[in-house]
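Engineer: Fold the stuff below for me.
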Amino acid sequence: MTTVRTQTMKALRLSDYGGPEKLHLEDAELPRPDQGQVLVRIRAASVNPIDFKLASGSMKNYAPLKFPWIPGGDFAGIIEAVGSGGAAVSAGDEVFGSTPGGGSYAQFALTRSDMVAPKPRTLSFVEAASAPLACQTAWQALFEHADLQVGQTALIHGAAGGVGMFAVQLAHWKGAKVFATCSAVNVDFVRSLGADVVIDYKGTSFESVAKDVDVVLDLIGGETQRRSFAVLKPGGKLIASTTPPPQELAQQKNVQAIGMHMQASAQRLAEIARLIDNGELRTVVSKTYLLYEANRAWVDIMSGHTRGKIVLEIP
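Structural biologist: As a prediction, this is how the structure comes out:
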């Protein structure tokens, strides 16, 4: 294990459940990597809806937090130290990846060595930080849960958001026909990602356009999810990353309904980096904030109308 000179770091922490007002920049003890772990000097951290959902307490019955808690699920940075266990990365390597249970809203973060991969060489740290959670969620939903194949049809809800923008591109790359829903202001953006048919969800009911689709990727939940069962062909699949889909409705419609939680993989990250560096996949960072401005970033993302990703820069 390499030696880390400093003993403390700056981190954004919450001492109790709450909203953006609970985020405070504090001095925190520098974590040390154990077997199978790496310590990363964080250069940029992605802002994801799960961050404020966990902080709000709405998920505490099945995902309780231990306070003080540092939010943040993915990042890009530089390996600072490596624990024992034969990690595939070394101190000084530029990486991107995710953390188990938060921690990336800080100057340093611990994670497992199998949750990081070399950073795409064509991306800045800010751009690279936007990809791990969102792109892996889209990849796992479409290819590992839905088994989307060339020539099939996919409907992607929330296509202008962080997960949605990657899902549209990945489905297009796979050779599927892509229907996508978004607001009117994002129609041209989503079309530029590779969507064949873009539906302004406020002006047009998606059921009147998308019919007999093989896969629905539901990134919205609620009424959008329930309505989506009507557009699936028999044997089709609905994959939901928000609220668990009702199995009784799936049985009535003779389709599969799968609720998913992304499981990080260094191998998947490496494939994503390859696609990015080959120009087959891109990311869009709509806004950046400094670490101490994370409360403003949360207000933005809580509006539910952001395009692409919001990223924190960490000096």
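
Engineer: where does the residue nearest to the spatial centre of the chain land in three-state SS?
Structural biologist: The centroid of the chain falls nearest to Ala134 when counting by C-alpha atoms, centre = their mean (2.2 Å). Three-state call for Ala134 (DSSP: H, G, I helix; E, B strand; the rest coil): helix.

Engineer: And the pLDDT at Met1?
Structural biologist: Listed pLDDT for Met1 reads 44.

Engineer: Same question for Thr306.
Structural biologist: In this model, Thr306 is scored at 85, pLDDT.

Engineer: what do you get for Val89?
Structural biologist: At Val89, pLDDT is 89.

Engineer: Please name the bridge partners of the residue nearest to it when sequence neighbours are not counted.
Structural biologist: Once flanking residues are discounted, Val89 sits nearest to Ile79: 5.2 Å by C-beta to C-beta, 6 or more residues apart in numbering. Where you see a C-beta, it was placed from the backbone N, CA and C, and this is true even at glycine. Here Ile79 sits in beta bridges with Val40, as judged by DSSP bridges.

Engineer: Ile79 contacts Ser90, correct?
Structural biologist: Yes. Between Ile79 and Ser90 there is a contact under C-beta atoms under 8 Å: 6.4 Å.

Engineer: Same drill for those two, tell me which one is more crowded.
Structural biologist: Ile79 (21 against 10; other C-beta atoms under 10 Å).

Engineer: Next up, the contacts around the more buried one.
Structural biologist: Counting by C-beta atoms under 8 Å, 6 or more residues apart in numbering, Ile79 touches 38-41, 89-93, 95, 116.

Engineer: quick one on the thing from earlier: from Lys202, how far off is the residue nearest to the centre of the chain?
Structural biologist: Between Ala134 and Lys202 the distance, using C-beta to C-beta, to the nearest Å, works out to 24 Å.

Engineer: Likewise for Phe143?
Structural biologist: Distance from Phe143 to Lys202, by C-beta to C-beta: 30 Å.

Engineer: Compare the two (neighbour count), which wins?
Structural biologist: Taking neighbours as other C-beta under 10 Å, Phe143 and Lys202 compare with Phe143 leading, 15 against 9.

Engineer: How far off centre is stretch 147-158?
Structural biologist: 19 Å (C-alpha atoms, centre = their mean, to the nearest Å).

Engineer: Flag every buried residue along it.
Structural biologist: Across stretch 147-158, burial judged by 16 or more other C-beta atoms under 10 Å covers 148, 152-158.

Engineer: Just the C-alphas of that stretch, formatted as CSV.
Structural biologist: What follows is stretch 147-158, C-alpha atoms only, in CSV (Å, rounded to 0.1, in the frame of the first residue of the first chain):
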residue,chain,number,x,y,z
ASP,A,147,-31.3,-8.5,-23.7
LEU,A,148,-32.1,-5.9,-26.4
GLN,A,149,-31.2,-7.2,-29.9
VAL,A,150,-30.6,-5.7,-33.3
GLY,A,151,-33.8,-5.1,-35.1
GLN,A,152,-35.9,-4.9,-31.9
THR,A,153,-37.8,-1.8,-30.7
ALA,A,154,-37.2,0.1,-27.5
LEU,A,155,-39.1,2.9,-25.8
ILE,A,156,-37.0,5.0,-23.5
HIS,A,157,-38.7,7.4,-21.0
GLY,A,158,-36.9,10.4,-19.7
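
Engineer: Quick one: residues in contact with it.
Structural biologist: Residues outside stretch 147-158 that contact it (C-beta under 8 Å, 6+ apart): 142, 146, 164, 167-168, 171, 174-182, 195, 201, 206, 210, 212-220, 224, 228, 231, 237.

Engineer: Can I have the buried ones of those residues as a PyMOL selection?
Structural biologist: Per 16+ other C-beta under 10 Å, the buried members of those correspond to this PyMOL selection:
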select buried, resi 142+146+164+167+168+171+174+176+177+178+179+180+181+182+195+201+206+210+213+214+215+216+217+218+219+220+224+228+231+237
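
Engineer: In helices, which of the contacts of stretch 147-158 appear?
Structural biologist: Using DSSP state H, 164, 167-168, 171, 174, 224, 228 are the members of the contacts of stretch 147-158 that sit in helices.

Engineer: which pair in those residues spans the largest distance?
Structural biologist: Pairwise distances among the ones in helices among the contacts of stretch 147-158 were taken by C-beta to C-beta; the largest, 23.1 Å, belongs to Lys174 and Thr224.

Engineer: Please list all residues in contact with the residue nearest to the centre of the chain.
Structural biologist: The contact partners of Ala134, by C-beta under 8 Å, 6+ apart, come to 46, 48, 74, 162-163, 165-166, 309.

Engineer: Cool, thanks, talk later.
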